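S.K.: Here is the input, now give the coordinates:
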Amino acid sequence: MSSKHHHATGHDVHHPPKTIVGWREYVSLPEWGLTGIKAKADTGARTSVIDVTEVIELEGNRVRFEVVVNRRNPDEHIWLETDIVRRTRVKSSFGASHDRLIVKTLVKLGEIEKEIELSLVSRKNMLCRMLLGRKALEPDLVVDPGRRYIHGRKRRKKNRQGGAK
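M.R.: Next comes the predicted model:
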């Protein structure tokens, strides 16, 4: 007989039930003032990634980077500055290696809010501007690969003429 205790629901008493997320969701990064970022839940990636166009290392173990807010309007971008948490060495499929900078920030997905690490990488040819890796998903999120936007779709703001902004 197992030593684990279960509720009538079948959940382990010591581990609360996990929140289901779709393979694609919209997230916000409230500390950086970013909302409506299309993110792909990627269980094949350990670390999460955000799409940046330029990265400048600063003194004092800090980094300044540019995030394109709206891909349809490349002029709509913001510069952010934060501490570098760590560096990781990545080897490409061609054998060339380079350093990636890792930063931390708060992510909000529906009612869930948690601090995650993000690698600063150019994803300009990718559909999703962010990847949520295993370290961001565990221990409280589980991915349903057959669903997307479980926690809501991005709402488009309308201008006075009625067109989408």
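
S.K.: remind me which residues of this structure are low pLDDT?
M.R.: Counting by pLDDT under 70, the ranges of the chain that qualify are 1-15, 70-71, 74, 92-93, 125, 154-165.

S.K.: Show me the helices in it, by range?
M.R.: 134-137 (DSSP state H).

S.K.: Alpha carbons only: can I get the biggest strand by length in it in CSV?
M.R.: The longest strand of the chain (DSSP state E) is strand 97-109. Provided in CSV are the C-alpha atoms of strand 97-109 (Å, rounded to 0.1, in the frame of the first residue of the first chain):
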residue,chain,number,x,y,z
SER,A,97,28.9,28.2,-28.9
HIS,A,98,27.8,31.6,-27.3
ASP,A,99,26.7,33.0,-24.0
ARG,A,100,23.1,33.7,-23.2
LEU,A,101,22.1,36.1,-20.5
ILE,A,102,19.4,35.1,-18.0
VAL,A,103,17.2,37.6,-16.1
LYS,A,104,14.3,37.3,-13.7
THR,A,105,10.9,38.8,-13.7
LEU,A,106,7.3,38.2,-12.7
VAL,A,107,5.0,36.4,-15.2
LYS,A,108,1.2,36.5,-15.0
LEU,A,109,-0.8,33.9,-16.7
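
S.K.: Now that strand: buried residues?
M.R.: Within strand 97-109, the residues scored as buried using 16 or more other Cβ atoms under 10 Å are 101-103, 105, 107-109. Using the backbone N, CA and C atoms, a C-beta is placed for each residue, glycine as well.

S.K.: And that strand, what does it pack against?
M.R.: Strand 97-109 is packed against strand 24-29, strand 77-83, strand 86-91, strand 112-121, with contacts defined by 3 or more Cβ pairs under 8 Å, 6 or more residues apart in numbering; DSSP states H and E.

S.K.: Looking at these, which one is packed in the most?
M.R.: Comparing these by mean neighbour count (mean count of other Cβ atoms under 10 Å), strand 24-29 comes out on top with a mean of 21.

S.K.: quick one: that one to chain centroid distance?
M.R.: Centre-to-centre, strand 24-29 and its host chain are 7 Å apart (Cα atoms, centre = their mean, to the nearest Å).

S.K.: Could you check the angle it makes with strand 97-109?
M.R.: 90 degrees (axes from the mean of the first three to the mean of the last three Cα atoms, to 10 degrees).

S.K.: Quick one: end-to-end distance for stretch 36-50.
M.R.: Taking Cα to Cα, to the nearest Å as the measure, stretch 36-50 stretches 13 Å from start to finish.
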